[in-house]
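S.K.: Sharing a model that was predicted from the sequence below.
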Amino acid sequence: MASLAFSATNTNILPPCAAVSYRPVLFRGGSIFGNSIFSKKCNFRGLIVTNVAKELPPTILLPEKEISSDRKLAAWTSIRQERWEGELVVEGEIPLWLKGTYLRNGPGMWNIGDYNFRHLFDGYATLVGLHFENGRLKMAHRQIESDAYKAAKKNNKLCYREFSEAPKTDNFLSYIGDLANLFSGASLTDNANTGVVKLADGRVVCLTETIKGSIEIDPDTLDTLGKFEYSDTLGGLIHSAHPIVTNTEFLTLLPDLVNPGYMVVRMEPGTNERKVIGRVNCRGRPAPGWVHSFPVTEHYVIVPEMPLRYCAQNLLKAEPTPLYKFEWHPNSKGFVHVMCKASGKIVASVEVPLFVTFHFINAYEERDEDGRVTAVIADCCEHHADTTILDKLRLQNLRSFSGQDVLPNARVGRFTIPFDGSPYGKLEAALDPNEHGRGMDMCSINPNYLGNKYRYAYACGAQRPCNFPNALTKVDFEEKAAKNWFDEGSVPSEPFFVPRPGAIEEDDGVVISMISDKNGEGYALLLDGSTFQEIARAKFPYGLPYGLHGCWVPKN
Ligand SMILES: CC(=O)/C=C/C=C(C)/C=C/C1=C(C)CCCC1(C)C
Ligand SMILES: CC(/C=C/C=O)=C\C=C\C=O
Ligand SMILES: [Fe+2]
């Protein structure tokens, strides 16, 4: 077969002492076989895997308490080993036009030795690649070599501030150092665990919300290439986790925590220099709203100002507060601002009902019969202005599903931002949330419809009872209906839509997701974008931790 993109490498991670008993286990798929090992003497449990196809040395996997018959979903369990790569056995048919790699990033390692992290967003980044070619599928995964990850491995302790975790201060003097490091940003993490984007110039960058956590990787080998350094002098410590990336530009928002507002910036392909388009001054106080993502239309950048606001004091605290680095300020209200991409001018700024969202889905302009823009429509996965979703994403909650229906309700929140100068915008459900089980997050659309009127969105929905979105859903905004995919006890990751080259219909393509199943195992799943029926699946050698966001790297 044609040589596929991933390099043949594996890492040996040695257990604390030699294994004493061997038990052959699992693995279909031809390219690998494995032995599980358990040593009573040193209380080590793990797996030995040999990649037969590549004749690599055996890899001894990370010892993990959870690797036992009572193991729970792999989704909330740290990755078993640093890296793996190999071909998977495909059940069903992968369309021959699907050529390229789906890269997915996410927090996949939530412990340093015996110390366990608290929150889903704390984990060290695990990058997974699914490489499709000629109807075949290779999977690879690898840890991103951020400074934070390398330092944790070397010193066997947390060295940088993660989403909810902060390194312990030994004494007063080191605390002073910590404060200095905090203000300079030196102690903030560069653990790029949130997403991965392919820039128009071909570079692939993993991202988180700290600017220093922008890390370039090689999409073929998953190697960490180094920091993606911005060459401008804009400074700042944080940005939106989800830039808008197209063939012509990279747009992002830089929150200004000192003088509450957002810089809207643009970076051209082939450069590392962000240039300012304009600035939005916040209308609420005391700080800008958290801006995990934002949408654009053809001509405008939409800047949401959520009442869940960054909190400088919480940033300084070592112990997590109920809302982590944020605070809920209902009295300071919620707003949506619209900036013209070409001029940087604010063309609308409206107060909207209180809202909580991580992810905007898409936005577009509505026009009258003379072609004048009358309003902007912006859709998001909206959590009914309820911040408890942040707490539900604590690992302890995710790992302890007892059959109770504890996932807070979510909907497709549709903002209407009028252009007639009126001071208020609307926020309503775009369809009955029961269509998708009142779960709604981790969305994607056909990328060719970015910023334009669109009909379909793909997301994680819910089949109740659940404690986390446990279904995949295809929303049809025209029919105001959804099609759902569900497999009892499973946790599916972001359904990522890849359009068929040359397609006319918006939903002509496939949806890729990775499933963590009730047996602790996992598989790649391919659904038809139109029927939302399964067309193929391929089992992983072991279940993978939950991943957040991905991108498509086409192969020419
Ligand atoms: C994984 C995900 O979706 C979000 C991750 C967010 C992170 C890692 C945020 C980190 C932050 C700090 C470490 C300090 C500054 C504030 C903030 C950007 C929230
Ligand atoms: C996984 C998630 C929310 C699920 C709730 O329904 C949010 C992830 C945010 C970061 O990318
Ligand atoms: Fe996200």
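M.R.: Sure thing, it's come through. Ligands and ions are numbered 1, 2, ... in the order given.
S.K.: C-alpha from now on. contacts and neighbour counts both.
M.R.: Fine.
S.K.: Can you pull the residues of the stretch 101-250 of the chain lying near ligand 2?
M.R.: Thr194 (CA under 6 Å from any ligand atom).
S.K.: which residues in the stretch 101-250 of the chain form helices?
M.R.: 147-155, 172-184 (DSSP state H, counting those that start in this stretch).
S.K.: any chance of the ones you listed in TSV, plus distance to Gly195 and mean pLDDT?
M.R.: Compiled in TSV, those are given as follows (distance: least, CA to CA, whole Å; pLDDT from 0 to 100):
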stretch	distance to Gly195	mean pLDDT
helix 147-155	16	97
helix 172-184	24	68
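S.K.: Please work out how many residues are found near the nearest residue to Lys480 once chain neighbours are set aside.
M.R.: Once flanking residues are discounted, Lys480 sits nearest to Leu431: 5.0 Å by CA to CA, 6 or more residues apart in numbering. The number of residues packed near Leu431 is 20, by other CA atoms under 10 Å.
S.K.: Leu431 against Glu478, yeah?
M.R.: No - with contacts counted by CA atoms under 8 Å, Leu431 stays clear of Glu478, the gap being 9.4 Å.
S.K.: ok, back up a step: the helices of the stretch 101-250 of the chain into JSON lines, with extra columns for mean neighbour count?
M.R.: As requested, the helices of the stretch 101-250 of the chain are exported to JSON lines (neighbours: other CA atoms under 10 Å):
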{"stretch": "helix 147-155", "mean neighbour count": "16"}
{"stretch": "helix 172-184", "mean neighbour count": "13"}
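S.K.: between the ones you listed, which gets nearest to Thr321?
M.R.: Thr321 sits nearest to helix 172-184 of all the helices of the stretch 101-250 of the chain, at 17.1 Å, using CA to CA.
S.K.: Check the gap between Val498 and ligand 2 for me.
M.R.: Distance of Val498 to ligand 2, computed by CA to the nearest ligand atom, to the nearest Å: 19 Å.
S.K.: Quick one: residues in contact with the helix or strand that that residue is a member of.
M.R.: For Val498, the element it lies in under DSSP states H and E is strand 496-499. By CA atoms under 8 Å, 6 or more residues apart in numbering, the surrounding residues in contact with strand 496-499 are 443-447, 458, 506-513, 529, 550-552.
S.K.: Same question for stretch 413-423.
M.R.: Residues from elsewhere that reach stretch 413-423 (CA under 8 Å, 6+ apart): 336, 347-351, 373-382, 424-430.
S.K.: Pull out the buried residues from those residues.
M.R.: 336, 348-351, 375-382, 424-425, 427, 429-430 (16 or more other CA atoms under 10 Å).
S.K.: where in the stretch 51-200 of the chain is pLDDT low?
M.R.: Applying pLDDT under 70 to the stretch 51-200 of the chain flags residues 51-71, 171-177.
S.K.: try 50 this time
M.R.: Across the stretch 51-200 of the chain, the ranges flagged by pLDDT under 50 are 51-71.
S.K.: How about the residues of it by ligand 1?
M.R.: Phe121, Arg161, Glu162, Phe163, Leu188, Thr189, Asn193, Thr194.
S.K.: Can you name the residues that contact Glu91?
M.R.: Glu91 touches Ala536, Arg537, Ala538, counting by CA under 8 Å, 6+ apart.
S.K.: and what of Gln396?
M.R.: Arg118.
S.K.: what's it sitting at in phi/psi?
M.R.: Dihedral angles of Gln396 (phi, psi; degrees, to the nearest 10) stand at phi -60, psi -40.
S.K.: quick one: the residue nearest to Asp223 when sequence neighbours are not counted and ligand 1, what's the gap?
M.R.: Nearest residue to Asp223, sequence neighbours excluded (CA to CA, 6+ apart): Ile217, at 5.5 Å. Separation of Ile217 from ligand 1 (CA to the nearest ligand atom): 18 Å.
S.K.: Now do Ile217 against Ile244, distance only.
M.R.: Distance, Ile217 to Ile244, by CA to CA, to the nearest Å: 19 Å.
S.K.: pull the helix or strand with minimum mean pLDDT from the chain.
M.R.: strand 21-25 (a mean of 28; mean pLDDT, DSSP states H and E).
S.K.: which parts of stretch 119-132 are buried?
M.R.: 119-132.
S.K.: What is the nearest of these to Asp147?
M.R.: Tyr124 (10.6 Å).
S.K.: okay, now the nearest residue in space to Ser332 that is not next to it in sequence: neighbour count?
M.R.: Leaving aside its chain neighbours, Ser332 sits nearest to Gly284 (4.8 Å; criterion: CA to CA, 6+ apart). If you count neighbours by other CA under 10 Å, Gly284 ends up with 22.
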